[in-house]
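**Q** model the following, please.
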Amino acid sequence: MKTIGLLGGMSWESSALYYRWINERIRHELGGLHSARIAMVSVNFKEIEDLQHKNKWKESGDILSKAASQIEAAGADFLLICTNTMHKVAPQIEEAINIPLLHIADATAEQIKNQGLGTIGLLGTNFTMEQDFYAGRLNERYGLEVLIPSKEDREIVHQIIYKELVLGIVKEESRQKFLTIMNKLVDQGAEGVIEGCTEIVMLVQQEHTDIPLFDTTAIHAQKAVEMALGSKSK
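**A** Sure thing, here's the model as predicted:
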């Protein structure tokens, strides 16, 4: 079994899901008392969030690159950044390490393509929805057409993520707002919706809607297990 590197803390709420889901899947695959080999560094999200909103991506990338190097030094065979938004600095992090980076957008696109979908809605932070590092990768590498909500709806999504979900707060009224926005994306032509922030799964799961959802946290964690075991999981 390979050692999975987790760069977490953004937020720790979703990082905890990564840790639990990866270990549950390893136990499912191998049985008994088996658990995952994991090297993890968890950063202070407050520092990262401040830099995000000041548009200081190089500085935030420096923090994450240092953490990634620590993970590599701890024996990780490959790295996951346990957040969608901070994949904006993925190229900077990749330059700082000598182990592969399992990109969350690549793992997600693979699932979408496997289901035969071509047009997909994207929800996440404003950074993820509005900037090209995520949707552009989906389009250029995988030929996916990516739809995002209106400016007003993007702000609703962004505020719920930063003022509720990253603090572990889950409100039914916020779930209904997300479902309304998802339905609008379907009306625009989306065949499914990417939950492109690792905390969104805390609010909206597949049981809440008939719209095909792509939970990036679960997809990323599942792909990590496959890489660690060197084969497709059951």
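**Q** which stretches of this protein form helices?
**A** 12-30, 45-53, 57-73, 90-96, 104-114, 126-130, 132-142, 151-163, 172-187, 216-229 (DSSP state H).
**Q** mind checking which of those helices is nearest residue 4?
**A** helix 216-229 (5.1 Å; Cβ to Cβ). Placement of C-beta: from N, CA and C, glycine included.
**Q** residues contacting that closest one, please?
**A** Outside helix 216-229, the residues that touch it by Cβ atoms under 8 Å, 6 or more residues apart in numbering are 1-4, 14, 17-18, 21-22, 25-26, 29-30, 36-37, 77-78, 80, 82, 84, 102, 104, 107-108, 110-111, 194-198, 201, 232-233.
**Q** thinking again about what came up before, mind putting the helices of the chain in TSV, mean neighbour count and mean pLDDT included?
**A** Compiled in TSV, the helices of the chain are given as follows (neighbours: other Cβ atoms under 10 Å; pLDDT from 0 to 100):
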stretch	mean neighbour count	mean pLDDT
helix 12-30	18	95
helix 45-53	16	95
helix 57-73	18	98
helix 90-96	16	97
helix 104-114	19	96
helix 126-130	21	95
helix 132-142	17	95
helix 151-163	17	96
helix 172-187	16	98
helix 216-229	21	96
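**Q** rebuild those helices as TSV, extending it with distance to residue 210.
**A** Formatted as TSV, those follow (distance: least, Cβ to Cβ, whole Å):
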stretch	distance to residue 210
helix 12-30	24
helix 45-53	33
helix 57-73	37
helix 90-96	33
helix 104-114	17
helix 126-130	23
helix 132-142	23
helix 151-163	20
helix 172-187	9
helix 216-229	18
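**Q** to residue 206, which of these lies closest?
**A** helix 216-229 (10.0 Å).
**Q** and the closest one, how far from the chain's centre?
**A** Relative to the centre of its chain, helix 216-229 is centred 11 Å away, using Cα atoms, centre = their mean, to the nearest Å.
**Q** pLDDT score for the residue of the chain most remote from its centre?
**A** Using Cα atoms, centre = their mean, the residue of the chain lying farthest from its centre is residue 32. It sits 28.9 Å away. Per-residue pLDDT puts residue 32 at 95.
**Q** ok, now which ones touch it?
**A** Per Cβ under 8 Å, 6+ apart, neighbours of residue 32: none.
**Q** domain ranges for this protein?
**A** 4-103+218-229, 105-216 (automatic domain parsing).
**Q** can you give me the end-to-end distance of the last one?
**A** To tie it back to what came earlier, the one meant is domain 105-216. 8 Å (Cα to Cα, to the nearest Å).
**Q** shouldn't residue 64 be in contact with residue 85?
**A** No - in this structure, residue 64 is not within contact of residue 85 by Cβ atoms under 8 Å, at 11.3 Å.
**Q** if we can go back for a sec, relative to residue 207, which of the helices of the chain is closest?
**A** Closest of those to residue 207 is helix 172-187, at 11.2 Å (criterion: Cβ to Cβ).
**Q** what residues are up against the closest residue to residue 204 other than its chain neighbours?
**A** Once flanking residues are discounted, residue 204 sits nearest to residue 178: 5.1 Å by Cβ to Cβ, 6 or more residues apart in numbering. Residues near residue 178 by Cβ under 8 Å, 6+ apart: 123, 157, 160, 200, 203-204.
**Q** of these, closest to residue 59?
**A** Using Cβ to Cβ, residue 157 comes nearest to residue 59 of these, at 25.2 Å.
**Q** residue 146: how many residues sit nearby?
**A** The burial count assigned to residue 146 is 19, neighbours taken as other Cβ atoms under 10 Å.
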